[in-house]
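A.B. asks: pasted the sequence and its predicted model underneath.
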Amino acid sequence: MTFRVTVLGAGSIGIFVGGKLAAAGADVTFVGRPRLLDEISASGLRLTDLDGGDDRVAPTAFHVATEPDDVGSADLVLITVKSAQTAEAAQQLAEPIRPGTVVVSLQNGIGNDTAIREILPSCVVLAGMVMCNVVHHDGGRFHRGTEGGLAVADDPALERFAPLFRRAGLELGRYPDLRPVQWAKLLLNLNNPINALSGRPLREQLGTRDYRRCLALAQTEALAVMRRARIRPARLTPLPPGMMARLLTVPDAVFTRVAARVLAVDPMARSSMADDLALGRRTEIGWLSGEIVTLGEMVATPTPVNARLVELVEAAERGDPRSWSGPELLAELQAAKDRPAEHPANES
């Protein structure tokens, strides 16, 4: 049986995942902006990865569209738009989609699946995440620059698609409760604003102690808020999240020796937030550091480090061109942390 798959939000992540499914025999339609669709329609797809994989998909082996007009015939819909566009994307599907269609949110942040489910109550809507970084190169090449597969909230409706994902070489981690994994991934994604503000590739940035100390400040603050909210993030790294945050602060030589897996990143890879700033697009900072700030407000716990990261990225969105050095950014975040905390409005 040939499955029909619609990828709504054909950016780097959506094209890589959908392209792998097309290479495995699925009938894939990419829905997105003309800029990327025109490129892949002309060149086809080349999907490479850190482990040496190299798949090519001819332009005749997939479809492109700027609107999800044919989604009514889809067996599986993957939503890969930015979190700010979730409701709009789901509304595009509301009229044409068939009841019972499996819809998977492969997005950053917490709660996108809830927003989609409210708009598409007759569908099987599942939370999911892409656990790797994908880099777009010219000529239709999309490169997985870090390790990791897909994580999805488990449901019996996934069973029929499991062989397709296996053929595609996409590791599909199925979890009875995805929320702890989402919170753990959010902790890792707190590096996105730091990488974007640094102006450096991920490997170089993560190999620099002062930038890692910035990440440690953001993660330590986030973990304190999660504890207050009784949220226990899953363990996605060799060490538990709290110990991993402490490891980030060790000297470069020690970190390189004991955390080589963290630095197993393509030399050209950057965070998706860095890509968004480079293209003049709105970032997902509100669904990353902003999620921590919102949770802190809910549990009456100050989050000055993540709040300052939100401010700095929003300034970059407005055109601030600076690239922060490690010492500069660390001093900025440390100063935010050391300021006297304001009393939350809901405290007496």
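C.D. replies: Right, received. Where do you want to start?

A.B. asks: buried residues in the helix or strand that contains E311, which are they?
C.D. replies: Per DSSP states H and E, E311 falls inside helix 304-317. Across helix 304-317, burial judged by 16 or more other Cβ atoms under 10 Å covers P304, V305, N306, A307, R308, L309, V310, L312, V313, A316, E317. The C-beta positions use only the backbone N, C-alpha and C, and glycine is treated the same way.

A.B. asks: beyond that helix, next helix or strand please.
C.D. replies: Remark: after helix 304-317, the chain's next helix or strand is helix 326-338, criterion DSSP H and E.

A.B. asks: identify the residues contacting that next one?
C.D. replies: With contact meaning Cβ atoms under 8 Å, 6 or more residues apart in numbering, helix 326-338 is reached by 194, 197-198, 208-211, 213-214, 217-218, 221, 304-305, 307-309, 312, 324.

A.B. asks: ok so, going back, which residues are contacting the helix holding E311?
C.D. replies: Residues outside helix 304-317 that contact it (Cβ under 8 Å, 6+ apart): 190, 193-194, 196-197, 217-218, 221-222, 273, 277, 282-283, 285-286, 289-290, 292-293, 296, 320, 322, 324, 332-333, 336-337, 339, 341.

A.B. asks: who does the longest strand seen in the chain touch, helix- and strand-wise?
C.D. replies: Counting residues, the longest strand found in the chain (DSSP state E) is strand 124-130. Helices and strands touching strand 124-130, as assessed by 3 or more Cβ pairs under 8 Å, 6 or more residues apart in numbering; DSSP states H and E, comprise strand 102-106, helix 112-119, strand 150-153, helix 179-189.

A.B. asks: so what does the second one touch, helix or strand wise?
C.D. replies: If I follow you right, that is helix 112-119. helix 86-94, strand 102-106, strand 124-130.

A.B. asks: and the third one, by the same measure?
C.D. replies: Taking 3+ Cβ pairs under 8 Å, 6+ apart as contact, the helices and strands that strand 150-153 lies on are strand 124-130, strand 172-175.

A.B. asks: any idea which of those is most buried?
C.D. replies: Across the helices and strands packed on strand 150-153, averaging neighbours per residue (mean count of other Cβ atoms under 10 Å) puts strand 124-130 on top, at a mean of 24.

A.B. asks: direction included, what does that one pair against?
C.D. replies: strand 102-106 (parallel), strand 150-153 (antiparallel) (DSSP bridges).

A.B. asks: dump the last one to PDB, restricted to CA.
C.D. replies: Below are the C-alpha coordinates for strand 150-153, written out as PDB (Å, rounded to 0.1, in the frame of the first residue of the first chain):
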ATOM      1  CA  LEU A 150      11.500  11.400  15.800                       C
ATOM      2  CA  ALA A 151       9.600  11.200  19.100                       C
ATOM      3  CA  VAL A 152       5.800  10.800  19.000                       C
ATOM      4  CA  ALA A 153       3.000  10.300  21.500                       C
END
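
A.B. asks: so who does F62 touch?
C.D. replies: Per Cβ under 8 Å, 6+ apart, neighbours of F62: G18, G19, A22, V28, T29, F30, I40, L45.

A.B. asks: I'd like the domain boundaries of the chain, if you could list them.
C.D. replies: Listed by the TED database, the domain ranges of the chain are 4-176, 180-338.

A.B. asks: make TSV from those and add mean pLDDT to it.
C.D. replies: As requested, these are exported to TSV (pLDDT from 0 to 100):
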stretch	mean pLDDT
domain 4-176	95
domain 180-338	94
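
A.B. asks: nearest residue to the middle of this structure?
C.D. replies: Nearest to the mean C-alpha position of the chain, by Cα atoms, centre = their mean, lies N108 at 4.0 Å.

A.B. asks: double-check that that one belongs to a helix.
C.D. replies: No. Counting by DSSP: H, G, I helix; E, B strand; the rest coil, N108 is not part of a helix but coil.

A.B. asks: surely it touches G290?
C.D. replies: No. With contact defined as Cβ atoms under 8 Å, N108 does not reach G290; the gap is 11.3 Å.

A.B. asks: count the residues that sit near the spatially closest residue to the residue nearest to the centre of the chain that is not a sequence neighbour.
C.D. replies: Nearest residue to N108 in three dimensions, chain neighbours excluded: E284, at 5.5 Å (Cβ to Cβ, 6 or more residues apart in numbering). E284 has 23 neighbours, counted by other Cβ atoms under 10 Å.

A.B. asks: residues contacting A168?
C.D. replies: Residues near A168 by Cβ under 8 Å, 6+ apart: K20, L21, A23, A24, A26.

A.B. asks: need the phi and psi values for it.
C.D. replies: Per-residue torsions, A168: phi -80, psi -10 (degrees, to the nearest 10).

A.B. asks: what's the spacing between it and T256?
C.D. replies: From A168 over to T256 the distance is 33 Å, taken as Cβ to Cβ, to the nearest Å.

A.B. asks: then T220?
C.D. replies: For T220, the distance to T256 - Cβ to Cβ - is 22 Å.

A.B. asks: picking up where we left off before, and the contacts of the longest strand of the chain?
C.D. replies: Here strand 124-130 makes contact (Cβ under 8 Å, 6+ apart) with 13, 17, 80, 100-108, 112-113, 116-117, 148, 150-153, 155, 157-158, 178-179, 181-182, 185.

A.B. asks: mind running it again at 7 Å?
C.D. replies: Residues from elsewhere that reach strand 124-130 (Cβ atoms under 7 Å, 6 or more residues apart in numbering): 13, 17, 100, 102-106, 113, 116-117, 150-153, 155, 157, 178, 181-182, 185.

A.B. asks: great, nothing more from me.
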